[in-house]
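Participant: no FASTA, just this:
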């Protein structure tokens, strides 16, 4: 009751007393944003909020198609050079004009060592200013994914960065830097208020260069971690949209007048990873051993997990088990490789004994409890499965800001066994290879929290980046995925289904396969 009372008070504070404005859109998900700096905290809902406020040269629509944004058009002038014509007359929220200089400083800033978004621009050698509204992007090699990555290259205001001494980037989910707490973009919305863990309020940018497709006058984002409280807020009309809907409540929404569930496929893969780098596992101080360096141990953990039970009981059949680190719909997906190792606890026990751990070993599973659909429940199901093969496993489930702070700081990854979910930002297989399965290059291994690496996979990933022949490229993707699969670099679990709850005041909203809300496409009654 205390939680519900606190949430009611929070919602009351968020929605001003009296009737809510007809076109005010109020929505909620399970966890708060991690910040507003465009180049840190590469996390889905956080990135989507940034894309309401900041823009790239190109915008990716809800159907994943690419459209002009801060660039009006572009063409390839030679295999390494792309000419972009920049949109004239665009102003940042504070009134500063947008020019080529803003693109140049944004490239310098996104490349800083603590940036989480370096992967977006790793193929770029330089950006050449032709004039205030014309640039050439020169790549290091012919890059078939350049345009696919550019929607995540959000442009910042050079004058604003310099005036506020905000050029430097600090890493972490909760850093208090100026650029992580304040916003000055060119996007269709402006920041009115940000109270971490309570609400984020946006209003339309009256000077936006485009023609709005939405009709909202204000957007109020309120994180509600408790599932039942989030559903209750939708049913009572305190919020207009929630995601995710707890799977057990989908049928309830179908039978409730005035609200409806919105379901669809998601391109995010949920997986487990291991520390394969340290000579001594964090959970085994003084032992001098790291069992996860042995593929037999990793395979044992994989075969201990009954993915069909998780699908049936935890996910209520709203998940698709997978054997790959990417989903159908991602460029490079190999359907015939999407099989899993069989669930076989007895085989898992034998593998542990062969590896020298017949009595198991201690380990902690790090898991978020407010990021993915039933994330903590999945981990709670995995724990007894792993215990059954003799492992002394403990669960550390915490809010996503603390989870990502623990597992996601590249200079000090602090995890032995962890859950993560991944939607490739480019919707191409090179992205997870670059960020989850390699370590040795610029922008690589940003979320390779267990430091998996294989020399051939590293080599193939570099080759894939510059291969424009689709058949050759897919063959290399196939080889890299097969090596990773054979070595059990990670344990892929499933792709979760999208489940949103939509209230009566919403006339239309576009459900994107990355499972977050782009305010550009919200229409209120």
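Facilitator: Cool, got the structure. Being a predicted model, the structure only gives us computed values, none of them experimental.

Participant: hey, let's count contacts and neighbours off CA atoms from now on
Facilitator: Noted.

Participant: in space, what's closest to residue 133 - neighbours in sequence excluded?
Facilitator: The spatial neighbour of residue 133 that comes closest, neighbours along the chain excluded (Cα to Cα, 6 or more residues apart in numbering), is residue 86 at 4.7 Å.

Participant: meant to ask about residue 322, not that
Facilitator: Residue 322 sits nearest to residue 494 (Cα to Cα, 6+ apart), 4.9 Å away.

Participant: tell me who's in contact with the one you found.
Facilitator: 269-271, 319-322 (Cα atoms under 8 Å, 6 or more residues apart in numbering).

Participant: change it to 6 Å
Facilitator: 269-270, 320-322 (Cα atoms under 6 Å, 6 or more residues apart in numbering).

Participant: show me what the residue nearest to residue 133 is bridged to.
Facilitator: Applying DSSP bridges to residue 86 gives these bridge partners: residue 71.

Participant: what is the neighbour count of it?
Facilitator: Look at residue 86: counted by other Cα atoms under 10 Å, it has 24 neighbours.

Participant: please apply the same query to residue 97.
Facilitator: 15.

Participant: doesn't residue 91 make contact with it?
Facilitator: Yes - using Cα atoms under 6 Å, residue 97 makes contact with residue 91 at a distance of 4.4 Å.

Participant: run through who's touching the biggest strand by length in the chain.
Facilitator: In the chain, with assignment by DSSP state E, the single longest strand is strand 259-274. When contacts are defined by Cα under 6 Å, 6+ apart, strand 259-274 is touched by residues 253-254, 327, 416-423, 450, 490-495, 497-504, 513-514.

Participant: please, a ChimeraX command that selects the buried ones among those?
Facilitator: In ChimeraX, this line selects whichever of those come out buried by 16 or more other Cα atoms under 10 Å:
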select :253,327,416,417,418,419,420,421,422,423,450,490,491,492,493,494,495,497,498,499,500,501,502,503,504,513,514
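
Participant: so which of the contacts of strand 259-274 are in helices?
Facilitator: Secondary structure assignment (DSSP state H) places 253-254 from the contacts of strand 259-274 within helices.

Participant: so where is the chain shaky, pLDDT-wise?
Facilitator: In the predicted model, the chain carries pLDDT under 70 at residues 1-21, 409-412.

Participant: all helices for the stretch 301-450 of the chain, in order.
Facilitator: 307-309, 345-354, 375-387, 400-407, 430-436 (DSSP state H, counting those that start in this stretch).

Participant: most tightly surrounded among those?
Facilitator: helix 430-436 (a mean of 24; mean count of other Cα atoms under 10 Å).

Participant: now it, how far from the chain's geometric center?
Facilitator: 13 Å (Cα atoms, centre = their mean, to the nearest Å).

Participant: after that helix, which helix or strand is next?
Facilitator: Using DSSP states H and E, the helix or strand that follows helix 430-436 in sequence is helix 455-465.

Participant: show me the contact partners of the helix or strand following that following helix.
Facilitator: Going down the chain from helix 455-465, the next helix or strand is helix 470-486, by DSSP H and E. If you take Cα under 6 Å, 6+ apart as the criterion, helix 470-486 is touched by 332, 457, 464, 467.

Participant: by neighbours, which of those residues wins?
Facilitator: residue 464 (24 neighbours).

Participant: listing partners with orientation, what would you give for the longest strand of the chain?
Facilitator: strand 417-422 (antiparallel), strand 490-503 (antiparallel).

Participant: can you point out the buried residues in it?
Facilitator: In strand 259-274, counting by 16+ other Cα under 10 Å, buried: 259-263, 265-274.

Participant: now stretch 516-523
Facilitator: 516-523.

Participant: repeat that for stretch 503-512.
Facilitator: Result for stretch 503-512 [16+ other Cα under 10 Å]: buried residues 503-506, 509-512.

Participant: ok, of these, which one's closest to residue 135?
Facilitator: residue 512 (30.9 Å; Cα to Cα).

Participant: the closest one and residue 38, how far apart?
Facilitator: 20 Å (Cα to Cα, to the nearest Å).

Participant: could you do residue 285 as well?
Facilitator: Taken as Cα to Cα, the span from residue 285 to residue 38 is 38 Å.

Participant: who's more crowded, those two?
Facilitator: More crowded of residue 285 and residue 38, by other Cα under 10 Å: residue 38, with 30 against 10.

Participant: where does that one sit: helix, strand or coil?
Facilitator: coil (DSSP: H, G, I helix; E, B strand; the rest coil).

Participant: could we number from 47 for the rest of this?
Facilitator: Sure, I'll start numbering at 47, so the last one becomes residue 84.

Participant: hmm, back to that, can you lay out the contacts of residue 540 as TSV showing distance to residue 236?
Facilitator: Output for the contacts of residue 540, formatted as TSV (distance: Cα to Cα, whole Å):
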residue	distance to residue 236
315	32
316	32
366	38
367	40
368	39
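
Participant: give me the number of residues near the closest residue to residue 285 other than its chain neighbours?
Facilitator: Take residue 285 and drop its neighbours on the chain: the residue closest to it by Cα to Cα, 6+ apart is residue 72, 4.9 Å away. Residue 72 sits with 25 neighbouring residues when counted by other Cα under 10 Å.

Participant: quick one: secondary structure of residue 72?
Facilitator: Once three-state DSSP is applied, residue 72 turns out strand.

Participant: residue contacts, it?
Facilitator: 265-267, 285-286.

Participant: measure the closest residue to residue 205 other than its chain neighbours to residue 267 for me?
Facilitator: Excluding the flanking residues, the one nearest residue 205 by Cα to Cα, 6+ apart is residue 142, at 7.8 Å. Using Cα to Cα, one gets 27 Å for the distance from residue 142 to residue 267.

Participant: more crowded one of these two?
Facilitator: residue 267 (24 against 16).

Participant: just give me the closest of the buried residues of stretch 549-558 to residue 199.
Facilitator: Using Cα to Cα, the buried residues of stretch 549-558 come closest to residue 199 at residue 558, 19.2 Å.

Participant: excluding residues flanking it in the chain, which one is nearest that closest one?
Facilitator: Using Cα to Cα, 6+ apart, the nearest residue to residue 558 is residue 108, at 5.1 Å.

Participant: with residue 562 instead?
Facilitator: In space, residue 562 is closest to residue 91, 5.7 Å off (Cα to Cα, 6+ apart).

Participant: so the one you found sits in a helix?
Facilitator: Yes - Residue 91 forms part of a helix when assessed by three-state DSSP.

Participant: report how many residues lie close to it.
Facilitator: 20.

Participant: now the one 5 residues further on
Facilitator: Neighbours of residue 96 under the rule other Cα under 10 Å: 24.

Participant: do you know how far it is from residue 451?
Facilitator: From residue 96 to residue 451 the distance is 19 Å (Cα to Cα).

Participant: quick check: residue 81 touching residue 228?
Facilitator: No - counting by Cα under 6 Å, residue 81 stays clear of residue 228, with 9.2 Å between them.

Participant: which one's more surrounded, these two?
Facilitator: The residue with more neighbours, out of residue 81 and residue 228, is residue 81; 26 against 16, by other Cα under 10 Å.

Participant: leaving out chain neighbours, which residue sits closest to that one?
Facilitator: residue 226 (5.2 Å).

Participant: so that neighbour: helix, strand or coil?
Facilitator: Residue 226 - assigned by three-state DSSP - is helix.

Participant: since we're on it, how many residues are nearby?
Facilitator: Neighbours of residue 226 (other Cα under 10 Å): 21.

Participant: so who does it touch?
Facilitator: 81-83.

Participant: for residue 437, which residues are in contact?
Facilitator: Neighbours of residue 437 in contact, by Cα under 6 Å, 6+ apart: 406-407.

Participant: tell me where the stretch 197-346 of the chain has helices.
Facilitator: So, for the stretch 197-346 of the chain - with DSSP H, counting those that start in this stretch - the helices run 204-209, 224-227, 273-282, 296-300, 341-350.
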